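Visitor: need a 3D model of the following:
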Amino acid sequence: MGRGMSRVAIVTSEAGMTWDADLQLILDGLRANGVSATAVPWDAPDVRWHSFDLAVIRSTWDYAERVDAYLTWADGTARLTSLWNPAPMVRWSSDKRYLADLAERGVAVVPTRFVEPGSSFDAKALLGAGAVVVKPVVSAGALDTARYEPDQRADAERHVRMLLDQDRAVMVQPYLRLVEEGERALVFISGTFSHAIRKGPVLTESGVLDNERAPHPDVTPYQPTDDEIAVARAALAAVPSPDTPLFARVDLVLDEARRPVVMELELIEPNLFLQHHPKGLTRLVDAITAKARTLTP
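Guide: Numbering: from 1, shown residues only. You can find the predicted model right below:
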């Protein structure tokens, strides 16, 4: 008997079903490869996850708002089917304290201070003398994130205390002004560099907490430098997992010396900008197809 048709769930969310520009492209590509592909919101009731050979997380864009429920879902689903990226990798990437792990492994990252709920902190030491960015450690799409100039330190401190009062850990980073030249997003498929984009700055106004802002303004294709690719590869090599991510996006910004540093390492539900890169779409679809076929009885 030959293998049956591979069954793949492309995991999304209610928002992703409406707004994920890559979703239909991925489904169409998989179906053209002879794969039975279905878009499934992660929190849809009564999903028979065990009926899929493979579940690929793509646009679960609301996970940061319900992170505990989401991680419980990931752990449970991984017991029923092959989940990619794997649940331990998802858990690690869900909390931006992973930047400390990367730094400990020698990866160039944006310098970051963390404050835990229930702990005291010295606002002057935490916020320093320059412009800063304040955000929760669990966040997506710049949720509850803002930047502050030095004369807005009182506002920045109020932001930190607001998040702590909500029992949320906080991270504070220097605002690297070269982000205004564009944030670089490098996409890797199965550990191999695929494509990159550059996008405009998100935190365009200081002292403004705006959860309706566009998370990816002014996207344009981008050819990264050798240094940028090297830093991105170092970040991926430092992920504490024996598995190579099926997909990854490494977001970089230039520091004051114009050296690339990691702003985020996205392993859960990053926009991969496949509509801008047809070859990247083909690479992802072929990687999913190959993985599914190794799992199909």
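
Visitor: can you map out the strands along the stretch 1-150 of the chain?
Guide: Per DSSP state E, counting those that start in this stretch, the stretch 1-150 of the chain carries strands over the ranges 7-12, 36-41, 54-57, 82-84, 113-115, 132-136, 146-148.

Visitor: and these: which comes nearest residue 69?
Guide: Closest to residue 69 of these is strand 36-41 (Cβ to Cβ; 12.8 Å). From N, CA and C alone the C-beta is placed, and that goes for glycine too.

Visitor: in the closest one, what's buried?
Guide: 36-37, 39-41 (16 or more other Cβ atoms under 10 Å).

Visitor: ok, back up a step: how about CSV for the strands of the stretch 1-150 of the chain, with distance to residue 101 added?
Guide: Below are the strands of the stretch 1-150 of the chain laid out as CSV (distance: least, Cβ to Cβ, whole Å):
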stretch, distance to residue 101
strand 7-12, 25
strand 36-41, 30
strand 54-57, 21
strand 82-84, 21
strand 113-115, 12
strand 132-136, 18
strand 146-148, 24
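
Visitor: for residue 63, find the nearest of these.
Guide: Across the strands of the stretch 1-150 of the chain, residue 63 has its closest neighbour in strand 54-57 (9.0 Å, Cβ to Cβ).

Visitor: burial count for residue 290?
Guide: 12 (other Cβ atoms under 10 Å).

Visitor: need phi/psi at residue 199.
Guide: Per-residue torsions, residue 199: phi -130, psi 160 (degrees, to the nearest 10).

Visitor: heads up, I number from 619, so please use that
Guide: Done: numbering now begins at 619, and the last item shifts to residue 817.

Visitor: dump the residue contacts of the residue most central in space within the chain.
Guide: Closest to where the C-alpha atoms of the chain average out (Cα atoms, centre = their mean) is residue 884, at 2.7 Å. Applying Cβ atoms under 8 Å, 6 or more residues apart in numbering, we find residue 884 in contact with 711, 866-869.

Visitor: perfect, I'm done here.
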